[in-house]
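Novice: I need the structure of the sequence given here:
(one chain, ligands or ions: 1)
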Amino acid sequence: MDKVVALCKRRGLVFPASEIYGGIANTYDYGHYGVLLKRNIVDAWWQAMIEDRDDVVALDSAIIQHPKTWAASGHLAGFTDPLIDCRKCKKRFRADHVEELSCGLKPSKHPGEHSECDLTEQREFNLMFETTVGPVKEGGTTVYLRPETAQGIFLDFKTVLGFARRKPPFGIAQVGKSFRNEITPGNFIFRTLEFEQMEMEFFVPPDEAHQWYEHWLSERMRWYTELGIRSSRLRLRAHDPDELSHYSSGTSDVEYLFPIGWSELEGVANRGSFDLTAHAQHSGEKLEYFDQQSGERYVPHVIEPAAGVGRAVLAVLCDAYDEDEIGGEKRTVLKLHPRLAPVKVAILPLVKKDGQPELAREIQKLLRRRWTTEYDEGGSIGKRYRRQDEIGTPFGVTVDHQTLQDRTVTLRDRDTLEQARVAIDDLIATIDQRMNSPWRSPKPD
Ligand code: ATP
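Specialist: Model (predicted):
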């Protein structure tokens, strides 16, 4: 994990937020390559959940919803972590994570194990961030930053049903920021205060719930594998009955073998009719489906695949990070699926003269209409390849002396290091063919 964190910082993919003020716990910013990687992951999700299907529609609901939302959803009463404080070191701990945490006193032990530890009783602490709507704090209404995007989907169920011309089984998907006042040390971007979620609520006739739950479990596993994550590092873990959320009649987590151990990437839950029923009771609106053909009326059950963008970014980075050796020199490389790579093609003139930069720019103009490209003429060619390897660029196009004579370039492959001579006229077709070929991580399982 330290190596991934260091690379992210060195190359500006992801780094601590508010750094000039000393940072803020569990909060990170994404720089250029990080933003591109994150966008590629979200695009791949969007493609799989919306573009490739006829039965899911898109939504972008508000972050601040009516406060009654959270009473109905159970978050006001139950979305809590058990916390303990230490009166001595003034640190706060999750009571259920004590074995993984260290106490603020030296030599560091687990909270409560040092002779001077002075722990409070355990208290329930709500994870929702509160704020106030209105001109003055005292007279305003308390509202909450959403801790999940899902509830916005339930609130809009009836509206969407009205205009989407869909009947169950159908889904509503959205990607957006959620906020949780997490106090557990975050393990980089694994657990952050604000994070993006990719969530989809799939509304089904009650007697089809189990079959759709199984469907989404296998679809979601397939998605991660298709992004190139090694399947030996992925597993599905069904929740034990005592672990299930209040709404759930079945939940499985898609887990990845992070450097911190097997941990949740995504939850797939069979939420039954809990949410629609609760919001119907609290709002007085009927949230059900009436089938005009059969005359049947029912509250759909819901299957929810809920994924975190940051966790997917972290899993992809951990899975892709590699160190190898070229010509006796250590190379750090991100062996990313080409589809996810922030930059697809680097265009590198061998020297900064003899018309090579001009021709390289011409080639970039040709390629950038299709792919994210980067032009780099600074430093030795070896150094430039290393820079691209570090950010996972799958293809390098080098313009050299011969290019000016016969209009061919070298096309370098990040993983095999193979260099092929390709005519500029064939470059798009060659890269396109390689980009769309099935890709498997060259790292051992
Ligand atoms: P955890 O048990 O790790 O706290 P959770 O079970 O509470 O997660 P869900 O409520 O199921 O998480 O949220 C769905 C997804 O949103 C998670 O699988 C995860 O990818 C992501 N997620 C949840 N909380 C965070 C967070 N604090 N930081 C980053 N991603 C998060």
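
Novice: counting by contacts, list what the least confident helix or strand in the chain by mean pLDDT packs against.
Specialist: The element with the least model confidence among the helices and strands of the chain, by mean pLDDT, DSSP states H and E, is strand 92-94, at a mean of 83. Where contact means 3 or more Cβ pairs under 8 Å, 6 or more residues apart in numbering; DSSP states H and E, strand 92-94 is packed against strand 80-85. Where you see a C-beta, it was placed from the backbone N, CA and C, and this is true even at glycine.

Novice: output the contacting helices and strands for the strand it packs on.
Specialist: Packed next to strand 80-85, using 3+ Cβ pairs under 8 Å, 6+ apart, are strand 92-94, strand 123-126.

Novice: the first one: partners in the sheet, and parallel or antiparallel?
Specialist: Strand 92-94 has the following sheet partners, assigned by DSSP bridges: strand 80-85 (antiparallel).

Novice: then the longest one?
Specialist: Based on DSSP bridges, the strands next to strand 123-126 in the sheet, each with its direction, are strand 80-85 (antiparallel).

Novice: and the strand it pairs with, which residues are buried?
Specialist: Across strand 80-85, burial judged by 16 or more other Cβ atoms under 10 Å covers 81, 83-85.

Novice: hey, C-alpha coordinates of that strand in CSV?
Specialist: Output of strand 80-85 as CSV, limited to C-alpha atoms (Å, rounded to 0.1, in the frame of the first residue of the first chain):
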residue,chain,number,x,y,z
THR,A,80,-24.2,4.9,13.7
ASP,A,81,-20.8,3.6,14.8
PRO,A,82,-20.0,2.8,18.4
LEU,A,83,-17.3,5.1,19.6
ILE,A,84,-15.1,5.4,22.7
ASP,A,85,-13.0,8.4,23.7
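
Novice: ok, and what's touching it?
Specialist: For strand 80-85, contacts defined as Cβ atoms under 8 Å, 6 or more residues apart in numbering pick out 91-96, 98, 111, 119-127, 182-184.

Novice: please repeat the previous calculation with a cut-off of 7 Å.
Specialist: For strand 80-85, contacts defined as Cβ atoms under 7 Å, 6 or more residues apart in numbering pick out 92-96, 111, 119-120, 122-127, 183.

Novice: could you do stretch 28-37 as well?
Specialist: Residues contacting stretch 28-37 (Cβ under 7 Å, 6+ apart): 8, 11-17, 38, 189, 192, 313, 340, 342, 372, 391.

Novice: which residues touch the residue of the chain found nearest the ligand?
Specialist: Here the residue of the chain nearest the ligand is G308; by Cβ to the nearest ligand atom that distance is 2.3 Å. G308 makes contacts with 195, 197, as judged by Cβ under 7 Å, 6+ apart.

Novice: measure it to V143 for me?
Specialist: Per Cβ to Cβ, to the nearest Å, G308 is found 23 Å from V143.

Novice: please apply the same query to L36.
Specialist: 33 Å.

Novice: next one: L334
Specialist: Counting by Cβ to Cβ, the gap from L334 to V143 is 40 Å.

Novice: look at those two and report which has more neighbours.
Specialist: The residue with more neighbours, out of L334 and V143, is L334; 27 against 20, by other Cβ atoms under 10 Å.

Novice: tell me what that one is bridged to.
Specialist: The bridge-partner assignment for L334, based on DSSP bridges, gives Y321.

Novice: what residues does the nearest residue to G392 once chain neighbours are set aside make contact with?
Specialist: Closest residue to G392 apart from its sequence neighbours, by Cβ to Cβ, 6 or more residues apart in numbering: L334 at 3.3 Å. By Cβ under 7 Å, 6+ apart, L334 lies in contact with 320-321, 390-392.

Novice: what about this protein, any weak spots by pLDDT?
Specialist: Applying pLDDT under 70 to the chain flags the ranges 136-137, 185.

Novice: longest helix anywhere in it?
Specialist: helix 209-226 (DSSP state H).

Novice: which elements pack onto that helix?
Specialist: Using 3 or more Cβ pairs under 7 Å, 6 or more residues apart in numbering; DSSP states H and E, the elements in contact with helix 209-226 are strand 194-204, strand 234-238, strand 250-258, strand 261-272, strand 301-308.

Novice: does that helix come close to the ligand?
Specialist: No. Counting by Cβ under 6 Å from any ligand atom, the ligand has no neighbours in helix 209-226; the shortest distance is 10.7 Å.

Novice: now do the buried residues in that helix.
Specialist: Buried, per 16+ other Cβ under 10 Å, within helix 209-226: 209, 212-213, 215-217, 220-221, 223-224.

Novice: nearest residue to A71 in space, ignoring adjacent ones along the chain?
Specialist: With Cβ to Cβ, 6+ apart, the residue lying closest to A71 is H282, at 6.5 Å.

Novice: contacts for the helix or strand hosting G310, please.
Specialist: Taking DSSP states H and E as the criterion, G310 maps to helix 309-320. The set of residues external to helix 309-320 that reach it, using Cβ under 7 Å, 6+ apart, is 4, 37-38, 41-42, 188-190, 192, 195-196, 198, 227, 229-230, 233, 256, 258-259, 265, 334-336, 340, 392, 441.

Novice: which of those are close to the ligand?
Specialist: Near the ligand, by the rule Cβ under 6 Å from any ligand atom, you find 192, 195, 265 out of the contacts of helix 309-320.

Novice: show me the contacts for the last one.
Specialist: Translated: L265. L265 neighbours (Cβ under 7 Å, 6+ apart): 254-256, 307, 311-312, 315.

Novice: how far away is the residue nearest the centre of the chain from V254?
Specialist: What sits nearest the mean C-alpha location of the chain, by Cα atoms, centre = their mean, is V309, with 1.4 Å. Distance of V309 to V254, given as Cβ to Cβ: 14 Å.

Novice: what does L348 give?
Specialist: For L348 relative to V254 (Cβ to Cβ), the value is 38 Å.

Novice: and V397, bridged to which residues?
Specialist: With DSSP bridges as the rule, V397 is bridged to I347, L411.

Novice: quick one: contacts for it?
Specialist: Contacts of V397 by Cβ under 7 Å, 6+ apart are 345-348, 363, 409, 411, 427.

Novice: list buried residues within those residues.
Specialist: Buried among those by 16+ other Cβ under 10 Å: 345-348, 363, 409, 411, 427.

Novice: helix or strand: which one has the nearest residue to V333 once chain neighbours are set aside?
Specialist: Spatial nearest neighbour of V333, chain neighbours left out: D389 (4.1 Å); criterion: Cβ to Cβ, 6+ apart. Using DSSP H and E, the element containing D389 is helix 381-390.

Novice: much appreciated, bye for now.
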